[in-house]
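J.: Just a sequence and a predicted model for now, questions to come.
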Amino acid sequence: MGIHDGHRQKMRERFLHSSLDAFASHEALELLLFYAIPRQNTNPIAHALMERYGSLEEVFSAPIEDLKKVEGIGESAAILIKLAPQLVRKAKLERVRIGDTILSDSQAAGSFLLDVFEGEQRTETVYQLCLDAKRRLLSYQRLSDGGVSMVSLDVRKVVHNALLFSASQVILAHNHPSGMALPSDEDNAATEQVFNALRTVGVQLVDHIIIADGDFVSLRDSGFFNRP
């Protein structure tokens, strides 16, 4: 038995009897790292992660290359840290049944998108939701990373996806890693361009939703689509 095996077994038993609710954040990380770092004390590594990032959310949002700057975190441990929250996100999204999910209003669409964007805090990412005339979800695609600027957003791809899935309506969505969900002038310009491009093929852009810090802003609710 290794020097840390007794401690690890006690941690596992504690988890099995009481779940993670009884664990401090660094202890939860310590337990997770058991499965990527088999022969090393993971307690100081977990503490170092918490000191560097400040919270579990920030640890799980950190890029792999940045995680590897923490002493004791190698490729396998960094991948495991990134994998854990994405498995949770994938499980949530599995509840969504294409064709059965109705995004009847901005609240329903925003709630769905909060799950889609979970774990995307570090990089601006753009998604497109295709809907039928009754607002049933036909598909959702990740369009690009790096922003919603005219450089990174391929408007032709938005139109192509709408036609591919026979969409009547489209919702555009992206996140603001800065934590402010207010639309920028660039966001408004992108929305205008997509709106006009979709209109030429008989498809309506019904909303552009911006996600930030666990909340969202709907450009439709903000009156953007009511402009003359």
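T.: Looks like it came in fine.
J.: what's the closest non-adjacent residue to Leu103?
T.: Nearest residue to Leu103, sequence neighbours excluded (C-beta to C-beta, 6 or more residues apart in numbering): Ala109, at 4.3 Å. Bear in mind the C-beta positions are built from the backbone N, C-alpha and C, glycine included.
J.: for this protein, what's the longest helix?
T.: Criterion DSSP state H: the longest helix present in the chain is helix 75-93.
J.: Mind giving me the packing neighbours of that helix?
T.: Packing partners of helix 75-93 (3 or more C-beta pairs under 8 Å, 6 or more residues apart in numbering; DSSP states H and E): helix 25-33, helix 56-61, helix 64-67, helix 106-116.
J.: what's in contact with that helix?
T.: Contact partners of helix 75-93, identified using C-beta atoms under 8 Å, 6 or more residues apart in numbering, comprise 29, 32-33, 35-37, 45, 59-60, 62, 64, 67-68, 73, 115-116, 118-119.
J.: what about 6 Å?
T.: The contact list for helix 75-93, computed with C-beta atoms under 6 Å, 6 or more residues apart in numbering, reads Leu33, Ala36, Ile37, Phe60, Ile64, Leu67, Lys68, Asp115, Glu118, Gly119.
J.: Columns neighbour count and pLDDT on top of those, output as a markdown table?
T.: Converted to a markdown table, those look like this (neighbours: other C-beta atoms under 10 Å; pLDDT from 0 to 100):
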| residue | neighbour count | pLDDT |
| --- | --- | --- |
| Leu33 | 23 | 96 |
| Ala36 | 19 | 94 |
| Ile37 | 19 | 93 |
| Phe60 | 21 | 91 |
| Ile64 | 13 | 92 |
| Leu67 | 22 | 96 |
| Lys68 | 16 | 96 |
| Asp115 | 16 | 85 |
| Glu118 | 20 | 80 |
| Gly119 | 16 | 66 |
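J.: so which of those comes closest to Phe225?
T.: Asp115 (24.4 Å; C-beta to C-beta).
J.: Spatially nearest residue to that closest one, not counting backbone neighbours?
T.: Closest residue to Asp115 apart from its sequence neighbours, by C-beta to C-beta, 6+ apart: Lys92 at 4.7 Å.
J.: do Val70 as well
T.: In space, and not counting its chain neighbours, Val70 is closest to Ala48: 5.1 Å by C-beta to C-beta, 6+ apart.
J.: Any buried residues in the strand or helix carrying the one you found, and which?
T.: Assigned by DSSP states H and E, Ala48 belongs to helix 43-53. For helix 43-53, the neighbour count (16 or more other C-beta atoms under 10 Å) marks Asn43, Ile45, Ala46, Ala48, Leu49, Met50, Tyr53 as buried.
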